[in-house]
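Enquirer: please find the sequence and the predicted model below.
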Amino acid sequence: MKPETCFDARDSGQTNVVLIDSHAHLELEPLVNYVPAIIERALAVGLIGIITVGIDIDDAIAALKIAKEYDMVFASIGFHPHNAKDVHDGSLSQMEELCDNPKVVGYGEIGLDFFRNRSPHDKQLAVFGDQIHLAKMKNKPIIVHLRDAYDEGLAMLEKYGPFPRGGVIHCFSGDESDAHRALDLGFHLSVPGTVTYKKNDNLRSIVAEIPDDRLLLETDCPFLAPEPLRGKDNEPAYIIHTARKVAEIRGVELQALGWLTVNNAINLFNLPL
Ligand SMILES: [Zn+2]
Ligand SMILES: [Zn+2]
């Protein structure tokens with residue numbers, strides 16, 4: 001994509017800033033009740049794309065419905081590790097069928113969450129493996145969710161690689177060695193609003209070092225609103241605060257950071273933008 005092709009889409013005072021939210025949940029409460037207003041505010045800060053992530057069958061269908069309504073919204077679908085306990089062969093085939101919709105640009109979020117432990121670990125590991133297979137079979141990049149499970153999750157990815165379509169560790173919260181392992185696998189690292197939180201020096205030092213071609217931005221809305229909006233329901237427009245912080249950390253202009261991350265998202269998810 002060339003810069004001049006999308007200067008007309010914003011009216012924000014943020015002249016020429018373009019951004020993509022690579023991980024949102026527009027179909028979740030409460031955002032699903034205000035989608036038109038949320039899209040309007042997103043356009044106003046320069047967003048040209050949003051990937052909304054469906055985390056079980058019903059949620060995937062809801063995500064696709066929104067993606068069909070808006071050219072700038074795309075869907076990624078898969079069973080979140082919280083929902084692993086409910087996954088069986090039939091539901092996996094149902095998810096597989098939904099993948100054939102042209103608006104599905106990625107598979108996931110899939111992975112391991114050993115923090116909340118809403119599904120047993122062995123079930124989470126099995127479902128993660130099955131879904132990595134499925135994503136590779138459907139030729140989709142994968143969106144990986146890892147929480148308190150970087151070692152186990154990266155070991156799975158190392159075992160199941162290579163990943164010709166690539167992937168992203170979303171909402172990256174690992175340490176430096178986790179970052180290197182993910183980068184060695186060819187993965188992108190996606191930075192959420194937590195990078196603005198006061199105590200997050202660890203993430204800021206990693207964000208400074210992510211290679212230019214592997215960096216993505218996300219909100220994970222309605223969760224994790226960045227400062228100065230922490231505690232509110234997050235939404236894609238708030239990604240501007242995350243983008244400003246990441247630009248500051250990396251010592252680049254906001255506009256340049258925007259273009260970089262937009263191009264990375266377009267390339268990884270093959271977005272028709
Ligand atoms: Zn997640
Ligand atoms: Zn998410």
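Expert: Nice, thanks for sending it over. Ligands and ions are numbered 1, 2, ... in the order given.

Enquirer: show me what contacts residue 76?
Expert: For residue 76, the contact set (CB atoms under 8 Å, 6 or more residues apart in numbering) comprises 23, 51-54, 63, 104-109, 140, 143, 269. Every residue, glycine included, has its C-beta placed from N, CA and C.

Enquirer: those: which ones sit near ligand 1?
Expert: residue 109 (CB under 5 Å from the ion).

Enquirer: and the contacts of residue 76, which of them are in helices?
Expert: 63, 269 (DSSP state H).

Enquirer: give me the buried entries from the contacts of residue 76.
Expert: 23, 51-54, 63, 104-109, 140, 143, 269 (16 or more other CB atoms under 10 Å).

Enquirer: out of those, flag the one nearest to ligand 1.
Expert: Nearest to ligand 1 out of these is residue 109 (CB to the ion; 4.8 Å).

Enquirer: ok, which stretches of this protein are strands?
Expert: 19-24, 47-54, 73-77, 104-113, 142-147, 167-169, 188-191, 215-217 (DSSP state E).

Enquirer: distance to residue 199 and mean pLDDT added to the ones you listed, as TSV?
Expert: Formatted as TSV, these follow (distance: least, CB to CB, whole Å; pLDDT from 0 to 100):
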stretch	distance to residue 199	mean pLDDT
strand 19-24	22	98
strand 47-54	26	98
strand 73-77	30	98
strand 104-113	21	98
strand 142-147	17	98
strand 167-169	21	98
strand 188-191	16	98
strand 215-217	20	98
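
Enquirer: so can I have JSON lines of those strands showing distance to residue 182?
Expert: Converted to JSON lines, the strands of the chain look like this (distance: least, CB to CB, whole Å):
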{"stretch": "strand 19-24", "distance to residue 182": "15"}
{"stretch": "strand 47-54", "distance to residue 182": "18"}
{"stretch": "strand 73-77", "distance to residue 182": "18"}
{"stretch": "strand 104-113", "distance to residue 182": "12"}
{"stretch": "strand 142-147", "distance to residue 182": "8"}
{"stretch": "strand 167-169", "distance to residue 182": "5"}
{"stretch": "strand 188-191", "distance to residue 182": "6"}
{"stretch": "strand 215-217", "distance to residue 182": "12"}
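
Enquirer: for residue 89, find the nearest of these.
Expert: Closest to residue 89 of the strands of the chain is strand 104-113 (CB to CB; 16.2 Å).

Enquirer: strands paired with the closest one, and their directions?
Expert: When pairing is defined by DSSP bridges, strand 104-113 lines up against strand 73-77 (parallel), strand 142-147 (parallel).

Enquirer: mind putting those strands into CSV with distance to residue 88?
Expert: Output for the strands paired with strand 104-113, formatted as CSV (distance: least, CB to CB, whole Å):
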stretch, distance to residue 88
strand 73-77, 17
strand 142-147, 20
